[in-house]
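Visitor: Predicted model and sequence follow; I will ask about them next.
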Amino acid sequence: MALLEVKNVKKIYTTRFGGNKVEALRDVNFSVEPGEYVAIMGESGSGKSTLLNILAQLDRPTSGKVILKGRDLSTIKEKEMSAFRRQNLGFVFQDFHLLDTFTLKDNIFLPLVLSGRRYEEMEQRLAPIARHLGIEKILEKYPYEVSGGQKQRVAVARALIIKPQIILADEPTGALDSKAAQELLRLFSSVNHDGQTILMVTHSVKAASSANRVMFIKDGEVFHQLYRGNLTDEQMYQKISDTLTVLEAGGEHVE
Ligand SMILES: Nc1ncnc2c1ncn2[C@@H]1O[C@H](COP(=O)(O)OP(=O)(O)OP(=O)(O)O)[C@@H](O)[C@H]1O
């Protein structure tokens, strides 16, 4: 069974007074199997963040269905939703969503605190993640004391520490220099190798070429999908670049 199914999802934003309507997603269909690593690409405004917000249940589709582990999300009651979300999803948002009055470590622990975990367990889980992300020395600092790139890595640690079945990441390498970006991608590949499913929105061809599948969104629809198969990262990089060229030229579907 697919882990995630997106069926005929449409999203229309309506301005407060009902004047302007923006069709952010027209008709999105795809499914994700357990253990996949999928990158989502597309031009600015093509609907990528809207899609991720819907998958994260931060927003509802205007019509269509999102089915996670066989459950139609629209049927889950508000009361049950936050526990369901916590058990299944880890998020890395573009603007990090860190709490300013908490240290970085407490920000990372927050989802585990909410699910009632013991402190020793939290420390044990954090150690290898913090090492991989190179944030061990800053854990007692507050968000306003560190750089954007460091905040981003903390947000990644907070998503990974709950060992979610699916990680949803919006531009996770956006605020990172190339070395930190590479480390993060290595970490994503390693958690994916251990069985976690990743959906990552990215503008970076380099980041996308570490995924096993790249989904291109154009005008609120899935325009094309590339599968890695036996391609190396370099070959994948080239194929993604070629597809983006066609996409930006407003071209036909590529085969
Ligand atoms: N809350 C909102 N209200 C009205 N329109 C919105 C809202 N959020 C997004 N939009 C519009 O929906 C469309 C899709 O936006 P979205 O942010 O999903 O694109 P994106 O592909 O993630 O872009 P980017 O790569 O720049 O982050 C855009 O036309 C955007 O202006």
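Guide: Thanks, I have it.

Visitor: When you work out contacts or count neighbours from here on, use the C-alpha atoms and nothing else.
Guide: Noted.

Visitor: could you say what helices and strands the helix or strand encompassing residue 38 packs with?
Guide: Here residue 38, judged by DSSP states H and E, is contained in strand 37-41. Packing partners of strand 37-41 (3 or more C-alpha pairs under 8 Å, 6 or more residues apart in numbering; DSSP states H and E): strand 197-201, helix 205-208, strand 213-218.

Visitor: tell me the most buried of these?
Guide: Using mean count of other C-alpha atoms under 10 Å, the stretch among those with the largest mean neighbour count is strand 197-201, at a mean of 26.

Visitor: Now do that strand against strand 37-41: the angle between them, please.
Guide: If you take axes from the mean of the first three to the mean of the last three C-alpha atoms, to 10 degrees, strand 197-201 sits at 10 degrees to strand 37-41.

Visitor: Partner strands of strand 197-201 and their direction?
Guide: Sheet partners assigned to strand 197-201 using DSSP bridges are listed as strand 37-41 (parallel), strand 166-170 (parallel).

Visitor: which one of those strands has the lowest average pLDDT?
Guide: Within these, confidence is poorest for strand 166-170, with a mean of 93 (mean pLDDT).

Visitor: residues from the stretch 1-150 of the chain in reach of the ligand?
Guide: Neighbours of the ligand within the stretch 1-150 of the chain, by C-alpha under 6 Å from any ligand atom: 13, 22, 24, 43-50.

Visitor: So, low pLDDT: which residues of the stretch 151-255 of the chain?
Guide: 251-255 (pLDDT under 70).

Visitor: Looking at it, which residue is nearest the ligand?
Guide: Per C-alpha to the nearest ligand atom, residue 203 is where the stretch 151-255 of the chain lies closest to the ligand, at 7.2 Å.

Visitor: Can I get the strands paired with strand 197-201 in a markdown table including mean neighbour count and distance to residue 214?
Guide: As requested, the strands paired with strand 197-201 are exported to a markdown table (neighbours: other C-alpha atoms under 10 Å; distance: least, C-alpha to C-alpha, whole Å):
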| stretch | mean neighbour count | distance to residue 214 |
| --- | --- | --- |
| strand 37-41 | 26 | 5 |
| strand 166-170 | 25 | 14 |
